[in-house]
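*Asks:* I need the structure of the sequence given here:
(6 chains, ligands or ions: 3)
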Amino acid sequence: MKMITAIIKPFKLEDVRDALSELGLSGMTVEEVKGFGRQKGHTELYRGAEYVIDFLPKVKLQVAVSEEQAEAVIEAIIGSANTGKIGDGKIFVSALEQVIRIRTGETGTDAI
Amino acid sequence: MKMITAIIKPFKLEDVRDALSELGLSGMTVEEVKGFGRQKGHTELYRGAEYVIDFLPKVKLQVAVSEEQAEAVIEAIIGSANTGKIGDGKIFVSALEQVIRIRTGETGTDAI
Amino acid sequence: MKMITAIIKPFKLEDVRDALSELGLSGMTVEEVKGFGRQKGHTELYRGAEYVIDFLPKVKLQVAVSEEQAEAVIEAIIGSANTGKIGDGKIFVSALEQVIRIRTGETGTDAI
Amino acid sequence: MKIIRYALLTLGLLPGLAFADEINPADTAWILTATALVLFMTIPGLSMFYAGLVRSKNVLSVFMQCFALTCLMSLLWFAFGYTIAFGSEGVEQGKWIGDFGNMFFAGMTMDSVSGTIPTPLFAVFQMTFAIITPALIVGGFAERMRFSAMLTFCSLWLLVVYAPICHWVWGGGWLGQMGLQDFAGGTVVHITAAVAALVAALVMGNRKGYGTVAMPPHNLTMTVAGAGMLWVGWFGFNGGSALAANGAAAMALLVTHLSASAGALSWMMMEWIKHGKPSVLGIVTGMVAGLGTITPASGSVGPAAAVVIGFSAGIICYYATNLLKQKLKIDDSLDVFPVHGVGGVLGTLLAGVFCAPSLGIFSGNGFSEGISSIGGQLSVQAIGVAATFTYTAVVSFILLKIVDKVIGLRVDEDDETVGLDLVLHDERGYDL
Amino acid sequence: MKIIRYALLTLGLLPGLAFADEINPADTAWILTATALVLFMTIPGLSMFYAGLVRSKNVLSVFMQCFALTCLMSLLWFAFGYTIAFGSEGVEQGKWIGDFGNMFFAGMTMDSVSGTIPTPLFAVFQMTFAIITPALIVGGFAERMRFSAMLTFCSLWLLVVYAPICHWVWGGGWLGQMGLQDFAGGTVVHITAAVAALVAALVMGNRKGYGTVAMPPHNLTMTVAGAGMLWVGWFGFNGGSALAANGAAAMALLVTHLSASAGALSWMMMEWIKHGKPSVLGIVTGMVAGLGTITPASGSVGPAAAVVIGFSAGIICYYATNLLKQKLKIDDSLDVFPVHGVGGVLGTLLAGVFCAPSLGIFSGNGFSEGISSIGGQLSVQAIGVAATFTYTAVVSFILLKIVDKVIGLRVDEDDETVGLDLVLHDERGYDL
Amino acid sequence: MKIIRYALLTLGLLPGLAFADEINPADTAWILTATALVLFMTIPGLSMFYAGLVRSKNVLSVFMQCFALTCLMSLLWFAFGYTIAFGSEGVEQGKWIGDFGNMFFAGMTMDSVSGTIPTPLFAVFQMTFAIITPALIVGGFAERMRFSAMLTFCSLWLLVVYAPICHWVWGGGWLGQMGLQDFAGGTVVHITAAVAALVAALVMGNRKGYGTVAMPPHNLTMTVAGAGMLWVGWFGFNGGSALAANGAAAMALLVTHLSASAGALSWMMMEWIKHGKPSVLGIVTGMVAGLGTITPASGSVGPAAAVVIGFSAGIICYYATNLLKQKLKIDDSLDVFPVHGVGGVLGTLLAGVFCAPSLGIFSGNGFSEGISSIGGQLSVQAIGVAATFTYTAVVSFILLKIVDKVIGLRVDEDDETVGLDLVLHDERGYDL
Ligand SMILES: Nc1ncnc2c1ncn2[C@@H]1O[C@H](COP(=O)(O)OP(=O)(O)O)[C@@H](O)[C@H]1O
Ligand SMILES: Nc1ncnc2c1ncn2[C@@H]1O[C@H](COP(=O)(O)OP(=O)(O)O)[C@@H](O)[C@H]1O
Ligand SMILES: Nc1ncnc2c1ncn2[C@@H]1O[C@H](COP(=O)(O)OP(=O)(O)O)[C@@H](O)[C@H]1O
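*Replies:* Ligands and ions are numbered 1, 2, ... in the order given. Sure, this is the predicted structure:
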């Protein structure tokens, strides 16, 4: 199994979720994170004190999938999160050794 | 070493922590996340505008453990986070190549 | 490729970021987390009700790097996040099978 | 007292001609307080009420709009607005606008008297009304309007919509002369603001994603705190409109309170019946409906009628809100029109009913001079509603179109996505 | 003035018989303001104070309870409460309850006079007291009560507990006649509310997890902002209870302020000594203790006595809070009883001491008519405390049991875990 | 009236000698209200304004400082402060400090009269000024001062800086006698607080990381809500300083409002020009500048002059803030000096110009007795500024050094990193 982690623009979350639903994937876990990268931040001014804020609000989305689904999920995320502008984010793929559903104790792809 | 990541119901955090303490594990890292899954969300109504909120507040808990501890930790989490109702969450297990304690530079299981 | 995850003290974030910048790394993702560990928490008192708060605010920082960079990045984090006091945090290293830049579809180290 | 007040207006005496050359210190004490209360309604009251309802990324933009309007409308009122609305002492006031003798408060000293209070006090009390009215409009175009366009539109609007209508009703103009009962601003304040908000919502179009993306309030605790402040401040708004510390002020305060309570509860009841659960946002919205609706009637009616007025306000504004949002799909973002507009119309009409002196426990304080039946009074009230509604709609539309051409009303799409706080003000509301 | 007031009460003159047929505009101006201030205490004051203390998932439920009570108690006061408490003009008032001549404010017009102010003003001023008293109870059953049960219980409670006791003390009833000095509501407001809260906490049981799970306040900034509003509003509560703009009002305001200050500091001092650090929640709680305690005494005592009263309030209520929480483990969730109840008892008794005219710098405004010693006054005060305490405890218990049977007082366990905001109101407080 | 007031002060009549033995109920009504409004400025107003500006980890420490000061300054004012500033009735007041006859308000009863209001009311109204002045200083040393050191310093400061200067200007002392026009506290309040804040910032040093680490406000919604409360409360501050409900109070309220508006807009304009965008924090800071600056002048000038004063305040304080922060790199953390100090100086001087009776539309209420030219008045104003500035600077410096030696002014570095809320108070502001 794979854990697919995507860092995306917050307002794209709905679109990505819809795209994943179409693949029949309804489970995922989402966090609010701050991203640093090539995309420029912004300036804030408070009574003459200027701060350059480099971090940008991003959403981190994690989906555990079976090997077979991985490719399709990645495609779906790219397709739905892409705006063509810098800062669209990244997808990280790593191996998952085990998945367990707490309620039932099911393991492996059954637990996803 | 393994990284054990559990998505649980927020009000179960205390129980899980206690269960892990009993195993002699005191270190862990916790985040507030939003979960999408089979468990139904709720409806919110604001002046005639009804929103279905699918995401649910969950807690994500990460514990780095040695190979030997992994099984016991997983059992402990299942035992303490289980309510038998949908939405109890998942446990994800992945490999950890290295752990380092920043303060001392210790590595491997010593650093956990 | 490696995913390097560091749990550090919040007020060290700036220093760590600077240290990574010096290595030519500008991308990273940051989250606010709560840490439990050896470092003691604090007591809060509300009208005679005393609560021991064990968790401590920490920052979790994730950087995807190529194999070659990994060592230097770890060194840089240790160097900049270290205060010598308990609770300085940990670094976790795990394998990354794939990285994709959403905007361009680039993969591998090109995508970092 | 209300009758005295209408009489004064009819005679063009207030404040055109001071009918007393001595102030009453007790009336002065109360209107000093009432002025503070009405300012309190806008900042922080209304600004918190509104700001809690938008998304977190636009929270400061709403505060900024309310705050900047408070300042700018004050200076415009000082410069031109007041004299357009009320003219100057000793000058016979015309039907349409006041004379220009009080530009920059030129004719006003510490010793000037209007009615029984110092003229500077009358001017600043009225100034707080000239502040909150444009601030109410903010709800119609929230989360998408350019700040500069907002300032420009509201400035023009104050001078060509609010000030003249204020003259018509309270400054000795034609509606007041006709006997329109609008004690504290059902037409002058609520209808004008709400119609402008609706027109603005239509001209500007819906927020990006409206109807598909969830846009829940980001901080209802702020909204409900602001709602409490509005209620408290409204005592100054309606009670102060008696311009004296007397039985009329007391009764205005009492009926205001009862109508707010009834409106809140009837809206809550509607939600409980229709949706199964009552909500905080519902109850406070019903409160505003109850308050807006009693406003024109607060000098005309008694306590039992106030409960009826409030109760019907909660129900009717509830339906109006659902209609606008679910059927017409108009993004009057913070529901200014269905609450203040529908409430203002309803209240102005009901004032014409419940002012009647012979309705038993529902009796009020009597018809305007020269009017002797509910029908007669109602037709005057209807004319007042129709005139202010139509005039505001037409002129607001024209102003918006002009400002759109010259400056552009909306921020661009990407900026709307990022949020107005960062884009327009380089600030964020929260960094907790 | 206080003496005049007690005299009036004793004679059953207020407002049963208007003793003047003309209002005093200055008194009217001040009571108009005081009414706004007392409403301000409940919304937003108390609701913010309380809401900040609960967990984030229940924040709106607290606001909702305070807000809905504000509305519902107002209408009930209008319909029945006022006439139960104060009856109607020209009718000799009985010992136990008022006559029913003022149901739906039937006998009240703009020109009615009570004392030196318009009757509608007296009625709405008293209405704000009838609002805040039930709202105070909310602290006892926070985070677990069903909304419908809450509305039902408080409605019954207003009519069968609050209104009669109000009559006993202020409406010409037996306690007032006996010479009880309770200027602004130590018995009528604080003891009744606090005893009801304690009984509710006992009948309903502790919150799930109480004592094992941490339940820290979710937003102390909200609580301390609300505390400031309470302090400011209390000037209207105590100062307005003079029902006139005179030296008595001024002195009431001054002693109120001093007692609040002293209570806050002595509670802070206790924490500093016992725990090593002073806390924000501690200082504001001490302030409330100081305010609640001076309330009955605010028409009786002078400034130096007020400092003593406030100071002892902070210390005694501090110990009472710890006792209830740590020893008795009663989940009076927001500490209504140890602060308001203990404070109300303490203040009512101390009023009997410090009203004495011959205590040097600690002298007060004198004993009630027919009483000539501290002992004599104290025994009247003790009777007042005992009577209101016992009556409230018994009747509240019965009402709660009835409501529990008919509707059910508590939400179920799972709902308590999820939180009342979502479960009862389909809303969330924050979406930052 | 202002003239009457200055005359009274000059003659040492206020309140040293009561010139009337009967209170005016209307004046009493207004000053009761004004007292509530001024307290409202500090809690919750100023405390929210300030607390929103610090970092989340220090939010409660700021609330705690403002709240504890409110309480402690009140008791000190009661014990010694009032009598140092105003002395006691029937005693000729000296040039430097009042007589000690009113320690613990010993000579004060419900029937005492000062001017046309009850003495207890005058005392508590002035008490609210003695509260807010030290509370303003909090902005200078925010986020790093020890709580105990703060209490000690401010207590000493109230008695040896504020109370004497208050006597000089308002209590019958030398500056008042000389004819200084300071209606509501440009020198007494704003200059003293701001100079103390600047000295404290210099003595204590900058916050750790100042200039390198970003320290943005953690909650601007709180700040802007507090700003609205400050504005509203300021009506009581300046309007109440007339000590009567009359034309002078009305005019003071009006000019206060106009200056706030103008100051807010001119600061906004500066940001728009210099930075390209106007900010919420900018507009509210300009408002405070406008309010602080009009304060001394609010009894002296007319509406047109008020607009000029406010407008220049916004611009000059804007530049002063940038100078202090960017060039001098002084960490007067919440900008007390450049806003209140510069504004206080500016306003006190401009009062000397715009009080002139012959400036056409910019005319004011006349020079002080015995002065007949702008030059003459200006030199008195300049002496007032110089004297209060210098005296405050020197004595504050000495006090701070003493407190630093005895207690230590700053928390240690690690504690500053963790934040004062946890370290000093064992609490957190938010747990959302
Ligand atoms: N090496 C990295 N490790 C972890 N996260 C990264 C890394 N580089 C970028 N990110 C995340 O991806 C986001 C987008 O990256 P950015 O360089 O701004 O644009 P792009 O995705 O178009 O390359 C960042 O805000 C950050 O959250
Ligand atoms: N495929 C997945 N990848 C990542 N997280 C998941 C996935 N499926 C579920 N989750 C997380 O687990 C939580 C519980 O899942 P859900 O389907 O609601 O119930 P259950 O755990 O009983 O199967 C979700 O809220 C989500 O946070
Ligand atoms: N086994 C673990 N798994 C995951 N995170 C851990 C683990 N142990 C510690 N941590 C994280 O590291 C932080 C610091 O750990 P702690 O034991 O306090 O000090 P130190 O880093 O000096 O060993 C903790 O607050 C927690 O966030």
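*Asks:* D:E22 reaches D:S112, doesn't it?
*Replies:* No. With contact defined as C-beta atoms under 8 Å, D:E22 does not count as touching D:S112 (11.9 Å). Quick note: C-beta positions are derived from backbone N, CA and C, even for glycine.
*Asks:* out of the two, which sits in the more crowded spot?
*Replies:* Higher neighbour count among D:E22 and D:S112: D:S112, with 25 against 8, using other C-beta atoms under 10 Å in any protein chain shown.
*Asks:* how close does the residue nearest to that one when sequence neighbours are not counted sit to D:I97?
*Replies:* What sits nearest to D:S112 in space, not counting adjacent residues and going by C-beta to C-beta, 6 or more residues apart in numbering or on different chains, is D:T119, at 3.5 Å. For D:T119, the distance to D:I97 equals 19 Å [C-beta to C-beta, to the nearest Å].
*Asks:* Which residue of these two possesses the greater neighbour count?
*Replies:* D:T119 (28 against 19).
*Asks:* Quick check: pLDDT value at the more buried one.
*Replies:* On the pLDDT scale, D:T119 is placed at 97.
*Asks:* If you count neighbours, what's buried in the longest helix seen in chain A?
*Replies:* Identified as the longest helix of chain A according to DSSP state H is helix A:67-81. Within helix A:67-81, the residues scored as buried using 16 or more other C-beta atoms under 10 Å in any protein chain shown are A:69-70, A:73-74, A:76-78, A:80-81.
*Asks:* Could you say which helix or strand holds the nearest residue to D:T128 once chain neighbours are set aside?
*Replies:* Spatially, and ignoring its direct neighbours in sequence, D:T128 is nearest to D:V38 (3.7 Å; C-beta to C-beta, 6+ apart). D:V38 belongs to helix D:25-40 when assigned by DSSP states H and E.
*Asks:* Check the offset of the helix or strand just after that helix from the chain's centre.
*Replies:* Note on helix D:25-40: by DSSP H and E, the next helix or strand toward the C-terminus is helix D:47-51. Centroid displacement of helix D:47-51 relative to its chain, using C-alpha atoms, centre = their mean, to the nearest Å, is 15 Å.
*Asks:* Just checking helix D:47-51 against chain F, any contact.
*Replies:* Yes. Applying C-beta under 8 Å from any C-beta of the partner chain, one finds helix D:47-51 touching chain F at D:47-48, D:51.
*Asks:* looking at the residues you listed, which has the most residues close by?
*Replies:* That'd be D:A51 among the residues of helix D:47-51 next to chain F, by other C-beta under 10 Å, with 32 neighbours.
*Asks:* Tell me the spacing between that residue and D:D431.
*Replies:* Between D:A51 and D:D431 the computed distance is 16 Å (C-beta to C-beta).
*Asks:* follow-up on the earlier one: could you say what helices and strands the longest helix of chain A packs with?
*Replies:* strand A:2-8, helix A:13-22, strand A:56-65, strand A:90-95 (3 or more C-beta pairs under 8 Å, 6 or more residues apart in numbering or on different chains; DSSP states H and E).
*Asks:* got the contact list for the closest residue to D:N219 other than its chain neighbours?
*Replies:* Leaving aside its sequence neighbours, D:N219 sits nearest to D:G52 (C-beta to C-beta, 6+ apart; 4.4 Å). By C-beta atoms under 8 Å, 6 or more residues apart in numbering or on different chains, the contact set of D:G52 is D:59, D:217-226.
*Asks:* Can you tell me which of those residues comes closest to A:G27?
*Replies:* Of all those, D:H218 has the smallest distance to A:G27: 27.0 Å, by C-beta to C-beta.
*Asks:* Now the closest one. Its backbone dihedrals?
*Replies:* The phi/psi pair for D:H218 (degrees, to the nearest 10) reads phi -90, psi -20.
*Asks:* residue contacts, the nearest residue to it once chain neighbours are set aside?
*Replies:* Using C-beta to C-beta, 6+ apart and skipping the chain neighbours, the partner closest in space to D:H218 is D:S56 (4.1 Å). Neighbour list for D:S56: D:218-219, D:419, D:429-430, E:431-432 [criterion: C-beta under 8 Å, 6+ apart].
*Asks:* Flag every residue of chain A that's near chain D.
*Replies:* Residues of chain A lying near chain D (C-beta under 8 Å from any C-beta): A:11, A:14, A:42-46.
*Asks:* please redo it, this time with the cut-off set to 7 Å
*Replies:* A:11, A:14, A:42-45 (C-beta under 7 Å from any C-beta of the partner chain).
*Asks:* Tell me how many other residues surround the residue nearest to D:I191 when sequence neighbours are not counted.
*Replies:* Excluding its sequence neighbours, the residue lying closest to D:I191 (C-beta to C-beta, 6+ apart) is D:G344, at 4.2 Å. Other residues lying near D:G344 total 30 when counted by other C-beta under 10 Å.
*Asks:* Report the contact partners of D:G344.
*Replies:* D:G344 is in contact with D:186-187, D:190-191, D:194, D:292, D:296, counting by C-beta atoms under 7 Å, 6 or more residues apart in numbering or on different chains.
*Asks:* got it, and D:S363?
*Replies:* D:S363 neighbours (C-beta under 7 Å, 6+ apart): D:302, D:356-357.
*Asks:* Try it again at 10 Å.
*Replies:* Residues in contact with D:S363 (C-beta atoms under 10 Å, 6 or more residues apart in numbering or on different chains) are D:301-302, D:304-305, D:354-357, E:109.
*Asks:* Same check on D:L291?
*Replies:* Listed by C-beta under 10 Å, 6+ apart, the contact partners of D:L291 are D:41, D:184, D:190, D:227, D:230-231, D:233-234, D:237-238, D:256-257, D:259-260, D:263-264, D:298, D:310, D:313, D:339-340, D:343, D:347.
*Asks:* Next, work out how far apart it and D:A51 are.
*Replies:* Taking C-beta to C-beta, one finds D:L291 at 19 Å from D:A51.
*Asks:* Of all the residues in chain D, which one is nearest chain A?
*Replies:* D:D426 (5.0 Å; C-beta to the nearest C-beta).
*Asks:* hey, which helix or strand in chain D has the poorest pLDDT?
*Replies:* helix D:2-10 (a mean of 39; mean pLDDT, DSSP states H and E).
*Asks:* quick one: what helix or strand has D:L334 in it?
*Replies:* Applying DSSP H and E, one finds D:L334 in no helix or strand.
*Asks:* No further queries at this time; thank you.
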